[in-house]
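Engineer: mind looking at a prediction? Sequence and model below.
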Amino acid sequence: MDHLHDSNQHQFEETILKGHNGDTKASPGAGKTATVLRAVRRSVDKQFCILTYNKKLKTDTQLEIDKSGFGSRASVYTYHQFIHYNYDSSVSDDWGIVNVLFKRFGFQFQHSTMKTYRCFA
């Protein structure tokens, strides 16, 4: 893990411990799941909603959460599952997420390239 990843993950963890939402981005194997687990472990009075990019990462993260005994304090979803279970059960793809964000929250999107969007609130 390089210093940049260390720094970003430390900042993420501190943001979570202060009670704010946060996100951590890094390449595969950089320690994102371990960072999230540390934040959950250190925040015994908080509930967590962890969003992942794909089903495999969701499954792997859920296994680590359960193995660590934090399952009652942390729910893990893919982005699609979160929207599907919490906002609109018909959502199954990226366009479903775009429609929910537009209809429920008023976000406007400008399509720039395939699977890449600029979001304006």
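Structural biologist: Sure thing, it's come through.

Engineer: neighbours of Val44, how many?
Structural biologist: 8 (other CB atoms under 10 Å). Using the backbone N, CA and C atoms, a C-beta is placed for each residue, glycine as well.

Engineer: that one: what secondary structure?
Structural biologist: coil (DSSP: H, G, I helix; E, B strand; the rest coil).

Engineer: quick check on the nearest residue to it once chain neighbours are set aside: phi, psi?
Structural biologist: Distances taken as CB to CB, 6 or more residues apart in numbering place Arg73 nearest to Val44, at 7.9 Å, with adjacent residues excluded. Main-chain torsions, Arg73, degrees, to the nearest 10: phi -110, psi 0.

Engineer: how near is Arg73 to Ser90?
Structural biologist: 29 Å (CB to CB, to the nearest Å).

Engineer: these two: which is more packed in?
Structural biologist: For Arg73 versus Ser90, neighbours defined as other CB under 10 Å are more numerous around Arg73 (15 against 10).

Engineer: distance of the more buried one from Asn54?
Structural biologist: 23 Å.

Engineer: same check, this time on His80
Structural biologist: 9 Å.

Engineer: try Gly19
Structural biologist: Gly19 is 28 Å from Asn54, by CB to CB.

Engineer: same deal with Ile83?
Structural biologist: Ile83 is 15 Å from Asn54, by CB to CB.

Engineer: could you export the helix or strand hosting Thr35 as CSV, CA atoms only?
Structural biologist: Secondary structure from DSSP states H and E places Thr35 in helix 32-42. Below are the C-alpha coordinates for helix 32-42, written out as CSV (Å, rounded to 0.1, in the frame of the first residue of the first chain):
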residue,chain,number,x,y,z
LYS,A,32,-10.5,-0.6,1.5
THR,A,33,-12.3,-3.5,3.1
ALA,A,34,-9.9,-3.6,6.0
THR,A,35,-10.3,0.2,6.4
VAL,A,36,-14.1,-0.1,6.5
LEU,A,37,-13.8,-2.9,9.1
ARG,A,38,-11.5,-0.8,11.3
ALA,A,39,-14.0,2.1,11.1
VAL,A,40,-16.9,-0.3,12.1
ARG,A,41,-14.9,-1.8,14.9
ARG,A,42,-13.9,1.6,16.3
